[in-house]
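**Q** Give me a 3D structure for the following:
(chains A and B)
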Protein chains: 2
Amino acid sequence: MRNVSIIGAGLTPFGERWDTSFRELVYEAATAAIADSKVEGKDIQAIYGGTMAPGRLIGQEHIGALIADQLGLNPIPSVRLEAACASGGVALRQAYLSVASGAHDIVAVGGVEKMTEVSTEEVSTALGGAGDQEWELFLGATFPAIYALMARRHMHEFGTTEEQLALCSVKNHANAVHNPFAQYRNAVSVEDVMDSGYIASPLKLLDCSPITDGAAALILCASEKAKHYTDTPVEILASAQASDTLALANRRTLTGLDATVVAAKEAFKQARLQPKDIHVAEVHDCFSIAEVMAIEDLGFYAKGKGGKAVQDGETQLNSKLSVNTSGGLKACGHPVGATGIKQAAEVTWQLQQKAGKRQVSTCDIGLTHNVGGSGATAVVHLFKRGD
Amino acid sequence: MRNVSIIGAGLTPFGERWDTSFRELVYEAATAAIADSKVEGKDIQAIYGGTMAPGRLIGQEHIGALIADQLGLNPIPSVRLEAACASGGVALRQAYLSVASGAHDIVAVGGVEKMTEVSTEEVSTALGGAGDQEWELFLGATFPAIYALMARRHMHEFGTTEEQLALCSVKNHANAVHNPFAQYRNAVSVEDVMDSGYIASPLKLLDCSPITDGAAALILCASEKAKHYTDTPVEILASAQASDTLALANRRTLTGLDATVVAAKEAFKQARLQPKDIHVAEVHDCFSIAEVMAIEDLGFYAKGKGGKAVQDGETQLNSKLSVNTSGGLKACGHPVGATGIKQAAEVTWQLQQKAGKRQVSTCDIGLTHNVGGSGATAVVHLFKRGD
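**A** I've put the predicted structure just below:
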């Protein structure tokens, strides 16, 4: 397989984009990535798009063709990938494989979700399709409830506290203050989180990622040709994905995601690296407890030690490991299909030293971690600054 | 890129499977393919699943993870592909690329749709998402209406007749009589089709493919290892995909699908073959006019000559070119996400001389042609019998 590099990245501002359609979000992110990469439309040989639930959210399927059409890039092949909230991550993996295989030299990969066209109830139902519809959603287990079960068990087994969970949100909001693309650019305090009202105990409103419109895009290129387009390519060192049972009740454990563990081990093996080599990580904090579990499952901390690490400030910007410099899903926002690509865009900009006031000073190797549902899919990518 | 072969194929019976769930359809097809291939579950390294609209049809997304879970194949990577009615075809292409790249040696690829859980109106709305929701479906243009526009124009420009269209259905039903997996195993006459009532003039009920539950699966293997599992591998000679505008109104022509033309040319170029080399073809006859356009766009007949070729019996079983030996979408049935995989299963069995009473006697090279919506996606694969 050939080496593959990112040569351009683009985002839309994340938020409640009432005046902007699904198609317009796609166009905004894709044209930004194309402009950043210096490729021309005619150089792009295929499109991979990740999106979770446009059938329910905007009444539209056939999203690959829609993207090619909206960008005027017919007749190149264009396809949609879906893995719930990991749709962006799996799209990146397939785009990566298509270039690594030699089938294509340059491809565009994006993620998008338009979540504000329907009622909040309908969004909750659509998102419930990320879990087990028959054995969870039908019985009333929405996603805050599912992650609340994991949080409660993590607190019971390891003494993790609600304040430690709150500190994830506090950190992520602090990072988002410096991210022009973020949905919430306001700082919050531990008291703000603790007083924000229970959604599903022990998770409160400010432990939960929001409903967001947004899109993200990357241009991938065979590494051997990347320098033709940019002086600062970012190489994809590893791309790994793993699966687990759809329903939480069938899992080995409630205090971590085995799919993350498997994908992370595979990614570190591919890249011949270890967790200690990582400088910046975008992890899937759909809920604050998810960030605590992620830093454990990815191998940065032993199981049960994540809450303490957050409390000690070890995951803050320019601390031991800079986690979610974008603001994470919590504060940057979580347009579900876009998240996996946004994570890679943020790491790309960090490695290119383009992250402004949220720049990680020593930043050679980065990681992204994208989860579908309650962990039935996990995708891990590793990146390094091109030489 | 490495050569890739099919080493096993499996189908569910197609039809109104009231007693069988989405998960059960997946299980039926996948276990049949695995048994046919002689691989064991532990040999399978990744799963690719094509399905169009489970979010609307069964309230479930995250289909890749669901499939891995249902088959007990966690934690291998599993992902869903969507390209409307070409979801199966694009899943096959991505599965093919993953083996060709060297990332995996053996993968499972499947397609599934469960369409009878909701009302016919809701199915029509879900299928409308294959076209342009904003500029077609919202304005009342369902798929029979869209293909009726193409039929009317084809008749106007080339003198194609309703009887010629009817003969496609007559042939496909005749083939389906011999296919144990087919939804409709009854022969129909031209009179039956002509008297079946207009759905959208000039298309009548028996010009239209039905609503179907079903699933299909294949096991792909690096060709160099295929003989370890089967004496009759079928090699994938080419895999090509192209896109066109989502809305019919934006096309260059109404009398053909440019995406099919582009994908076919690319596929024949990859395989260094020509249309005259093909012995068996499964083409996308969602409506009878689609089969006439397909045999033209694929290069078997000049534009405008397809109707005459059908009338002359040139596409009948063991005639000049055996088209839709399975019964096609019309008579075998059209569970949309499964169709692209079912086509490849049928061609596989034809090349392996396993097609029973519908066997094409001289059968070395086969083609599949899978279309999304009204032609915004087309996928063409070429296959040959392994040596």
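
**Q** which parts of stretch A:195-203 are buried?
**A** By neighbour count on 16 or more other Cβ atoms under 10 Å in any protein chain shown, the buried set for stretch A:195-203 is A:196, A:199, A:200, A:202, A:203. From N, CA and C alone the C-beta is placed, and that goes for glycine too.

**Q** Which stretches in the stretch 101-250 of chain A count as strands?
**A** Using DSSP state E, counting those that start in this stretch, the strands of the stretch 101-250 of chain A run over A:106-113, A:198-200, A:203-204, A:214-222, A:234-243.

**Q** Chain B: which of the buried residues of stretch A:195-203 is nearest?
**A** Nearest to chain B, judged by Cβ to the nearest Cβ, of those is residue A:200 at 20.1 Å.

**Q** tell me the contacts of the closest one?
**A** By Cβ atoms under 8 Å, 6 or more residues apart in numbering or on different chains, residue A:200 lies in contact with A:142, A:144, A:145, A:147, A:148.

**Q** doesn't residue A:203 make contact with the last one?
**A** Translated: residue A:148. Yes - applying Cβ atoms under 8 Å as the test, residue A:148 and residue A:203 come out as touching, 4.9 Å apart.

**Q** Let me have the buried residues of stretch A:195-203 in JSON lines, adding pLDDT as columns.
**A** JSON lines is the format used below for those (pLDDT from 0 to 100):
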{"residue": "A:196", "pLDDT": "98"}
{"residue": "A:199", "pLDDT": "97"}
{"residue": "A:200", "pLDDT": "97"}
{"residue": "A:202", "pLDDT": "98"}
{"residue": "A:203", "pLDDT": "98"}
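
**Q** Same list, these, but as a markdown table with distance to residue B:98 please.
**A** A markdown table is the format used below for these (distance: Cβ to Cβ, whole Å):
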| residue | distance to residue B:98 |
| --- | --- |
| A:196 | 44 |
| A:199 | 39 |
| A:200 | 38 |
| A:202 | 41 |
| A:203 | 37 |
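
**Q** Of the residues you listed, which is the nearest to residue B:349?
**A** Taking Cβ to Cβ as the measure, residue A:200 is the one of the buried residues of stretch A:195-203 closest to residue B:349, at 51.0 Å.

**Q** tell me which residues form a beta bridge with the nearest residue to residue A:29 once chain neighbours are set aside?
**A** Nearest in space to residue A:29, with sequence neighbours left out and distances taken as Cβ to Cβ, 6 or more residues apart in numbering or on different chains, is residue A:215 at 3.7 Å. Legend: beta-bridge partners of residue A:215 under DSSP bridges are residue A:112.

**Q** what about residue A:215, how many residues close to it?
**A** Neighbour count of residue A:215, defined by other Cβ atoms under 10 Å in any protein chain shown: 35.

**Q** how about it, what does it touch?
**A** By Cβ under 8 Å, 6+ apart, residue A:215 lies in contact with A:11-12, A:25-26, A:28-30, A:110-113, A:335, A:338.

**Q** Which of the residues you listed has the largest number of neighbours?
**A** residue A:111 (36 neighbours).

**Q** Is that residue in contact with residue A:91, as I believe?
**A** Yes - contact criterion Cβ under 8 Å: residue A:111 and residue A:91 qualify, at 6.1 Å.

**Q** Pull up the overlap in contacts between the two.
**A** Shared contacts of residue A:111 and residue A:91 (Cβ under 8 Å, 6+ apart): A:49, A:50, A:340, A:341.

**Q** Helix, strand, or coil at the third one?
**A** For residue A:340, the assignment made with DSSP: H, G, I helix; E, B strand; the rest coil gives helix.

**Q** Model confidence score at whichever residue of the stretch 151-300 of chain A sits closest to chain B, please.
**A** Of all residues in the stretch 151-300 of chain A, residue A:241 sits closest to chain B, at 3.7 Å by Cβ to the nearest Cβ. The model reports residue A:241 with a pLDDT of 98.

**Q** How about the residues of the stretch 251-387 of chain A by chain B?
**A** Within the stretch 251-387 of chain A, the positions adjacent to chain B are A:258, A:259, A:262, A:372, A:373, A:376, A:377 by Cβ under 8 Å from any Cβ of the partner chain.

**Q** now those residues: which count as buried?
**A** A:258, A:259, A:262, A:372, A:373, A:376, A:377.

**Q** ok, the closest residue to residue A:358 other than its chain neighbours - contacts?
**A** Distance criterion Cβ to Cβ, 6+ apart; nearest residue to residue A:358, sequence neighbours excluded, is residue A:178 at 4.1 Å. Contacts for residue A:178 (Cβ under 8 Å, 6+ apart) come out as A:356, A:357, A:358.

**Q** what sits against the residue lying closest to residue A:266 once chain neighbours are set aside?
**A** Of all residues not flanking residue A:266 in the chain, residue A:240 sits nearest, at 3.8 Å (Cβ to Cβ, 6+ apart). Contact analysis of residue A:240 by Cβ under 8 Å, 6+ apart lists A:93, A:262, A:263, A:264, A:266, A:267, A:270, A:379, A:380, A:381, B:77.
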